[in-house]
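Novice: Here is my input; please provide its structure:
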Amino acid sequence: METVFSMMKVRSGGSLNSKGYREQRREVLLKVVLHNIDRLKLLRCDGR
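Specialist: From the prediction side, this is the model:
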């Protein structure tokens with residue numbers, strides 16, 4: 001799990017830009033979705 005957090009921090013920055021709780025939650029979820037899409041693209045390139 002820590003590896004995933006580290007990868008996300010490196011790619012999208014370690015801090016959130018949103019101020020409110022709801023916006024921060026939305027920003028984190030968006031970063032997770034984008035990370036998952038990126039991992040899927042990597043898997044497809046490797047032919048798995």
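Novice: Every contact and neighbour count from this point should use C-alpha atoms.
Specialist: Noted.
Novice: the longest helix in the chain is where?
Specialist: helix 21-46 (DSSP state H).
Novice: buried set for that one?
Specialist: 31, 35 (16 or more other C-alpha atoms under 10 Å).
Novice: Distance from it to the middle of the chain?
Specialist: 4 Å (C-alpha atoms, centre = their mean, to the nearest Å).
Novice: How about stretch 6-14?
Specialist: With C-alpha atoms, centre = their mean, you get 7 Å for stretch 6-14.
Novice: low-scoring stretches of this protein, by residue?
Specialist: Within the chain, the stretches with pLDDT under 70 are 47-48.
Novice: Apply 80 and report the result again.
Specialist: Scanning the chain for pLDDT under 80 picks out 1, 46-48.
Novice: so what's the residue nearest to residue 17 when sequence neighbours are not counted up against?
Specialist: Leaving aside its sequence neighbours, residue 17 sits nearest to residue 24 (C-alpha to C-alpha, 6 or more residues apart in numbering; 7.6 Å). Contact partners of residue 24, counting by C-alpha atoms under 8 Å, 6 or more residues apart in numbering, are 16, 17, 18.
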